[in-house]
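**Q** Need coordinates for the below:
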Amino acid sequence: MDKSRIHFISIGGAAMHNIALDLHAQGHHISGSDDEIYEPSLSRLKNKGLAPDLFGWFEANITDDIDMVILGMHAKADNPELLKAQKLGIKIYSYPAFIYEHAKNKQRVVIAGSHGKTTTTAMILHVLKKLNFDFDFLVGAQIEGFDRMVKLTSAPLIIIEGDEYLSSPIDRVPKIHHYKPHISVITGIAWDHINVFPTFENYKKQFAIYLDTMEKYGKLIYNKNDKELTDIVRLSDADLELYPYGALQKSGTSSIIHKDINYPISIIGNHNLQNLNAARLVCASLKIDLTDFFDAIKDFGGASKRLQKLSENDKRVVFLDFAHAPSKVMATTTSVKEWFGSQKLLAVLELHTFSSLNKDFIPQYRDSLLGADTAVVFYNEHTLKMKNMPPLDERFLQQAFNHPNLKIFTDEALLNNYLAMDDFADFNVLLMTSGNFNKMAMDFF
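**A** Sure thing, here's the model as predicted:
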């Protein structure tokens, strides 16, 4: 792509600011706006001189010398900068549409599904980097060994973590519908984004459509243990090569066994053994030798906030995970408990997304924390107000989650004190959130 003037409306998003940083590094002239930007996005943009001087949306930011606008989902359809760009006839892309435009002549690999996408994508990137492949990527979390979450070059291959949320306020289709992959993983399907997909049937339909967007005779690698997903695949008329997968077989706490050979691993959790098998099949499709794959993956420790180990001593381990949807909460909690056998587990879940704070959706969490010996649900009342949502009742939450030993907190300081109790000194701790527990001190470990 020739050097261009590119303006980002809603530059602070996780993917948006990484795309901005990557294009800036390539020499494009980048500007951007947002009404609020959280860390670490803000500091990263400031370090490259890309953070807006003032928060907000300003018509004056849009001038006729801008070559294109990349529009984030956080903006609204009546955004004054968007309206000005439309009036001037400037080319406007959602970021997934822009990614496809960049990648349309590459081999495209997309990791989709309701959970496990980031970890599976990160595993593939880890292997490709160690084996010196030339590739582009877009992934949903910071990964050790990579400066950014996005890389856009002239490489012949791109690996994309594919989100099913809408692309932009004027491009109201799931992001995954843009990418048209040659190879795709679907890790599983569990209802999420209730504000956009009000029923589970509507949510599932997006994945059926996705199969039709894949390149003809593409390779579909899908979780055979997910009934909803296998039904969608069975009913699809798409011309695809099908590769169903399950979990690799655990061998002790630090290895797996495959074709009678033991291979060391650094990850934990049965759900991660599914992710590992999906990554193996993708790499095999890219002609990577099995032995080379397992040799490269053995030191993979996970992506940021994906069963990230925060601390460990001779009594316990503290993990941080991005789990927020009910199925992911259940899978992560159950996996951590089972991995460590008889050791007790304290699971702490923050309700932070629109769906997780919605009274109509919260009953979907029933039994999701039963894998833990003790469970905590935390939510910030200010977050409810910011999302214009009604207060939550503690009795309702107790009934909805159906855990015999559940505590509810709305104050992060009180939660921190509770977690610091001596009673939990020998409990493994699993913190699950798509937020940050309202910046809780986390000095309990």
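**Q** quick one, what contacts Lys359?
**A** Pro390, Leu392, Phe396 (Cβ atoms under 8 Å, 6 or more residues apart in numbering). For every residue, glycine as well, the C-beta is placed using N, CA and C.
**Q** Report how many residues lie close to Leu310.
**A** Residues lying near Leu310 (other Cβ atoms under 10 Å) number 13.
**Q** Give me the buried positions along the helix or strand in which it is found.
**A** Assigned by DSSP states H and E, Leu310 belongs to strand 308-312. Of the residues in strand 308-312, Gln308 count as buried by neighbour count, 16 or more other Cβ atoms under 10 Å.
**Q** ditto for stretch 413-433
**A** Counting neighbours by 16+ other Cβ under 10 Å, one finds that the buried residues in stretch 413-433 are Leu415, Asn416, Tyr418, Leu419, Phe424, Phe427, Asn428, Val429, Leu430, Leu431, Met432, Thr433.
**Q** Please list the outside residues in contact with it.
**A** Here stretch 413-433 has contacts from 310, 315-324, 329, 332-333, 336, 340, 343-350, 352, 372-374, 376, 378, 407, 409, 437, 440-445, using Cβ under 8 Å, 6+ apart.
**Q** Which of those are buried? Put it as a ChimeraX command.
**A** A single ChimeraX command is used to select the members of the contacts of stretch 413-433 judged buried by 16+ other Cβ under 10 Å:
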select :316,317,318,319,320,321,322,323,324,329,332,333,336,345,346,347,348,349,350,352,372,373,374,376,378,407,409,437,440,442,444
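**Q** can you redo the contacts of Lys359 as TSV with pLDDT?
**A** Listed next are the contacts of Lys359 as TSV, based on pLDDT from 0 to 100:
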residue	pLDDT
Pro390	92
Leu392	95
Phe396	97
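**Q** out of those residues, which is most surrounded?
**A** Leu392 (20 neighbours).
**Q** Go through the buried residues of stretch 413-433 and say which is closest to Lys205.
**A** Using Cβ to Cβ, Met432 comes nearest to Lys205 of the buried residues of stretch 413-433, at 27.9 Å.
**Q** ok, so what distance separates that closest one from Asn61?
**A** 38 Å (Cβ to Cβ, to the nearest Å).
**Q** For the stretch 151-300 of the chain, which segments count as helices?
**A** 200-213, 227-235, 270-285, 290-297 (DSSP state H, counting those that start in this stretch).
**Q** Go through the ones you listed and name the closest to His182.
**A** With Cβ to Cβ as the criterion, His182 lies closest to helix 270-285 of the helices of the stretch 151-300 of the chain, at 8.8 Å.
**Q** report the angle between the axes of the closest one and helix 290-297?
**A** 130 degrees (axes from the mean of the first three to the mean of the last three Cα atoms, to 10 degrees).
**Q** thinking again about what came up before, moving C-terminal of the strand holding Leu310, what's the next helix or strand?
**A** Moving toward the C-terminus from strand 308-312, the next helix or strand (DSSP H and E) is strand 317-321.
**Q** Which other helices and strands does that next one contact?
**A** Judged by 3 or more Cβ pairs under 8 Å, 6 or more residues apart in numbering; DSSP states H and E, strand 317-321 is in contact with strand 308-312, strand 428-432.
**Q** again, only this time at 10 Å
**A** Packing partners of strand 317-321 (3 or more Cβ pairs under 10 Å, 6 or more residues apart in numbering; DSSP states H and E): strand 308-312, helix 326-339, strand 345-350, strand 428-432.
**Q** Setting the sequence-adjacent residues aside, check what's closest to Thr334.
**A** The shortest distance from Thr334 to any non-neighbouring residue, by Cβ to Cβ, 6 or more residues apart in numbering, is to Gly371 (3.9 Å).
**Q** sorry, back to before: reformat the helices of the stretch 151-300 of the chain as a markdown table; add mean pLDDT and distance to Ser254.
**A** Listed next are the helices of the stretch 151-300 of the chain as a markdown table, based on pLDDT from 0 to 100; distance: least, Cβ to Cβ, whole Å:
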| stretch | mean pLDDT | distance to Ser254 |
| --- | --- | --- |
| helix 200-213 | 96 | 34 |
| helix 227-235 | 97 | 30 |
| helix 270-285 | 95 | 12 |
| helix 290-297 | 97 | 13 |
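**Q** Out of the ones you listed, which is closest to Gln107?
**A** Nearest to Gln107, of the helices of the stretch 151-300 of the chain and by Cβ to Cβ, is helix 270-285 at 9.7 Å.
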